[in-house]
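> Starting from these lines, generate the structure:
(2 chains)
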Number of protein chains: 2
Amino acid sequence: MNKEMILEKQQQAAKILQEKNIDMWITFVRETGNMKDPMLDMIVGTGATWQSAFIITKNGDTNAVIGSLEAANMNMVGTFKHIHSYLKSITEKLQEVIGKYRPNKIAINFSRNSTLADGLTYGLYQELLEHLKGTGYEKRLVSSEDIVAALRGRKSKTEIGLMKEAIKETLKIFNEVTGFIQPGKSEKEIGDFVKGVVKEKGFELAWDEEHCPAVFSGPGTAGAHAGPTDRKVEPGHVINMDFGIKYEGYCSDLQRTWYVLKEGEDKAPAEVQKGFDIIKESITMAANELKPGKQGCEIDDIARNHIVKNGYAEYPHGLGHQLGRVAHDGGALLAPRWERYGNLPFLPIEENQVFTIEPRLTIEGYGIATIEEEVVVTKDGCEFISDRQEEIILIK
Amino acid sequence: MNKEMILEKQQQAAKILQEKNIDMWITFVRETGNMKDPMLDMIVGTGATWQSAFIITKNGDTNAVIGSLEAANMNMVGTFKHIHSYLKSITEKLQEVIGKYRPNKIAINFSRNSTLADGLTYGLYQELLEHLKGTGYEKRLVSSEDIVAALRGRKSKTEIGLMKEAIKETLKIFNEVTGFIQPGKSEKEIGDFVKGVVKEKGFELAWDEEHCPAVFSGPGTAGAHAGPTDRKVEPGHVINMDFGIKYEGYCSDLQRTWYVLKEGEDKAPAEVQKGFDIIKESITMAANELKPGKQGCEIDDIARNHIVKNGYAEYPHGLGHQLGRVAHDGGALLAPRWERYGNLPFLPIEENQVFTIEPRLTIEGYGIATIEEEVVVTKDGCEFISDRQEEIILIK
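Down below sits the predicted model:
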């Protein structure tokens, strides 16, 4: 993210702090070369080796408390107004900077619900408590999850524009790989073809290259969250692919479904067509109800119920997630009320959030049908920002 | 890391558990696409989206408790013997697997001192406590830092062999860039040249590309932990570069110093030569005392005192760190007794650890002299695994 975008996000953060009535937000990190807080890219623009505190206040002030060896770099990066450096221990400077603002409520980078707001490791949290011991501030710490959810969720026009570009380029690559898929090609070969095109065009993959793209051909595959195998495409296979790119730092995340015609067929068998249609309908029905103020679990219900009502097993995951600079972005999820999702299915949906909608079902004996589209939440509904898959793609 | 190496490391971990009298080691993670525990690459070999526990016991058993959508992938990766998958909540399966072993002492992935053992975020730690609530196991949790320090620190012959290769290739690149450095070239141009060579040869950089290589030309630069600037090389500059590559996953990390001759000079001025010599001597003196059982702070003292005794300011960092699959690896550090280093300067040095030795000093009016070499700790001393820089490199 460039400096101007970071400064914009810091100002947006200050407004969110006012709205949430939080005085100060501290992102506390160390050795980001080994593990990097997911917010650093958006609000700092560089990493840190020594224990470092990146502090944004509700009046828009920004303070970085960092190791002396990194002060020159931080100055060069230029995203923080006030830079305070220490040599042997961060304690004194950190207390001094916090004390200047006398904050009543201090958000720090931990959350049970949201991984994007949970960059503070437990050992480092104990260090932070020790630094603040006796100041009283150690008792005013709250989770940054509301700030992070709002800051990452509410996309600017520029951000939505970049995500539309990412989608456009991704759909072009889906078209190219359609010409490559043939009986006898392996999932790995198909995956490698896609990676080759991505590289040639100078894009990055939206998530780790082991599963991007994920390609599943025929019945009995892993179906999701696994890499392509040596399994070969055969006539009668339903194939699905999950794939996205980063375009100037912004992710796409889409899925498409193909059917490989058997000899003598000129269209998919009725049961394949039915599975595809149910997926498509469930996306339409969910999108029709997606709007600000709704909870994600209500939207998940709609697609899930439609699939189950038609005789299929329910999908073993949420209906959709937000995306942005990472493939799983923001707070609110379109997901069922399962413990593993914490409070995320219950957060109210907001304008300018970008969601995937990605139900799935198994067509016995053929494979797995999935479609994943992307929508942006508008003032009173949502709009598709991906050209929808209307028909199952046939491979001859 | 390939499957065989991971299985080897798991067996090494089981032995370390026995040695440290710890019954079970749990690495608890989620959404590793956003932030990845630094140990996953070494003991698991894949990531996880849902809350997942990777469990190694002192008898060498391995259990993965993971989300159902990721079970097929985990099977394919093949690094864990027993795979337990859940749909809605991890609590029950996790309790069941832990309960089977009745552990008295359970190491989990947090540490105040070591970032490599501190992959568990604070929000996720709270989740873990909730999962274990009422079982009694939540009171038997200890830090995994001793395990991680031993497992990452004690390098196998294969690992040391790969690191020697990484060093050899890095020194070749230092030679190539020596032919490129000229008055009028900017730090950025020099950095880009190095990156170009790395790319052409198909290597990866050892740390993030913003500062790899780091190039500093002349007086008044940042000196460390910053990216190359538009500052141009001039006659009379001392130049230093900090640079490393990954060779089959293993890092090198070296620094070299150049002097740019002024018109009429055929060697470096006496004060430049003196600065270079003091650095070189301090490395020799430190290495002479480096051996198993010593504390890193004792070794740091030796180099630091030599530099200060000769009239230079002490360097604002530690003398050296371990390296391996990451540039800052293992536990024990060659570092002063500063709060920011926690207990790492006090840990006893062990055989087969690989350390950098990298003192620095400022030569007023010329720039910063640094040399960084690498050594492996032997039974009763240490051996240089980098060909040492014996002379300051002259640029005409």
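> From here on, just use CA atoms for contacts and neighbour counts.
OK.
> State the number of residues packed around A:G136.
10 (other CA atoms under 10 Å in any protein chain shown).
> how many neighbours does A:K274 have?
14.
> what does A:H225 give?
As a burial measure, A:H225 scores 22 neighbours (other CA under 10 Å).
> Excluding chain neighbours, what is closest to it?
Nearest non-adjacent residue to A:H225, counting by CA to CA, 6 or more residues apart in numbering or on different chains: B:E70, 5.8 Å away.
> residues of stretch A:188-207 that come out buried?
A:188-191, A:193-195, A:198, A:203-207 (16 or more other CA atoms under 10 Å in any protein chain shown).
> Quick check: of these, which lies closest to chain B?
For the buried residues of stretch A:188-207, the closest approach to chain B (CA to the nearest CA) belongs to A:W207, at 6.8 Å.
> Just give me the neighbour total for A:G134.
What A:G134 shows, counting by other CA under 10 Å, is a neighbour count of 10.
> Looking at it now. What's its pLDDT?
What the model reports for A:G134 is a pLDDT of 96.
> same question, A:D208
88.
> picking that back up, can you pull the contacts of the residue nearest to A:H225?
Contacts of B:E70 were listed using CA atoms under 8 Å, 6 or more residues apart in numbering or on different chains, and they are A:A224, A:H225, A:A226, B:A48.
> from the middle of its chain, how far away would stretch A:343-351 be?
Distance of stretch A:343-351 from the chain centroid (CA atoms, centre = their mean, to the nearest Å) equals 15 Å.
> What lies in contact with that stretch?
Contacts of stretch A:343-351 (CA under 8 Å, 6+ apart): A:113-114, A:153-154, A:291-297, A:331-337, A:376-379.
> Closest to the centroid, which residue in chain A?
Centroid-nearest residue in chain A: A:H328, 1.8 Å away (criterion: CA atoms, centre = their mean).
> Which residues are in contact with it?
Contacts of A:H328 (CA under 8 Å, 6+ apart): A:H321, A:Q322, B:N34.
> Over to A:E138?
A:L129, A:L132.
> where does it sit relative to A:L120, distance-wise?
Remark: distance between A:E138 and A:L120 (CA to CA, to the nearest Å) = 15 Å.
> Taking the stretch 201-350 of chain A, what residue is nearest to chain B?
For the stretch 201-350 of chain A, CA to the nearest CA, closest residue to chain B: A:A226, 4.7 Å.
> which one in chain A is furthest away from the centre?
A:G264 (42.6 Å).
> which SS class is it?
Here A:G264 is recorded as coil under DSSP: H, G, I helix; E, B strand; the rest coil.
> Just the terminal-to-terminal distance for stretch A:112-130.
End-to-end distance (CA to CA), stretch A:112-130: 22 Å.
> Mind listing what's buried along it?
Of the residues in stretch A:112-130, A:112-125, A:127-128 count as buried by neighbour count, 16+ other CA under 10 Å.
> Cross these against strands and list the overlap.
Among the buried residues of stretch A:112-130, DSSP state E puts none in strands.
> For the helix or strand containing A:E298, name the packing helices and strands.
A:E298 is part of helix A:296-309 when elements are defined by DSSP states H and E. The helices and strands touching helix A:296-309, judged by 3 or more CA pairs under 8 Å, 6 or more residues apart in numbering or on different chains; DSSP states H and E, are helix A:270-289, strand A:329-334.
> which of the buried residues of stretch A:188-207 has the weakest pLDDT?
Scoring the buried residues of stretch A:188-207 by pLDDT puts A:W207 last, at 93.
> mind checking the backbone torsions on A:Q10?
phi -60, psi -40 (degrees, to the nearest 10).
> how close does it sit to chain B?
Distance, A:Q10 to chain B, by CA to the nearest CA, to the nearest Å: 20 Å.
> Could you pull up the contacting residues of that residue?
A:I43, A:I56, A:G60.
> Could I get the full set of helices for the stretch 151-300 of chain A?
Taking DSSP state H, counting those that start in this stretch as the criterion, the stretch 151-300 of chain A carries its helices at A:157-178, A:187-200, A:270-289, A:296-309.
> any idea which of those is most buried?
Comparing the helices of the stretch 151-300 of chain A by mean neighbour count (mean count of other CA atoms under 10 Å in any protein chain shown), helix A:296-309 ranks first with a mean of 21.
> wait, which of the helices of the stretch 151-300 of chain A is closest to B:K3?
Among these, the nearest to B:K3 by CA to CA is helix A:187-200 (18.8 Å).
> Would you check that A:F180 makes contact with A:G191?
No. Look at A:F180 against A:G191 with CA atoms under 8 Å: they stay out of range, at 10.5 Å.
> okay, the helices of the stretch 151-300 of chain A in CSV with distance to A:K9 next?
Conversion of the helices of the stretch 151-300 of chain A to CSV gives the following (distance: least, CA to CA, whole Å):
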stretch, distance to A:K9
helix A:157-178, 11
helix A:187-200, 29
helix A:270-289, 29
helix A:296-309, 25
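> So the residue nearest to A:V177 when sequence neighbours are not counted versus A:L254, what's the distance?
The shortest distance from A:V177 to any residue other than its chain neighbours is 6.6 Å, reached at A:V194 (CA to CA, 6+ apart). A:V194 sits 13 Å away from A:L254, going by CA to CA.
> For the stretch 151-300 of chain A, what lies in contact range of chain B?
Applying CA under 8 Å from any CA of the partner chain, one finds that the stretch 151-300 of chain A approaches chain B through A:W207, A:D208, A:A222, A:G223, A:A224, A:H225, A:A226, A:G227.
> Mind putting these into a markdown table with distance to A:V29?
Formatted as a markdown table, these follow (distance: CA to CA, whole Å):
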| residue | distance to A:V29 |
| --- | --- |
| A:W207 | 23 |
| A:D208 | 23 |
| A:A222 | 37 |
| A:G223 | 37 |
| A:A224 | 33 |
| A:H225 | 29 |
| A:A226 | 31 |
| A:G227 | 32 |
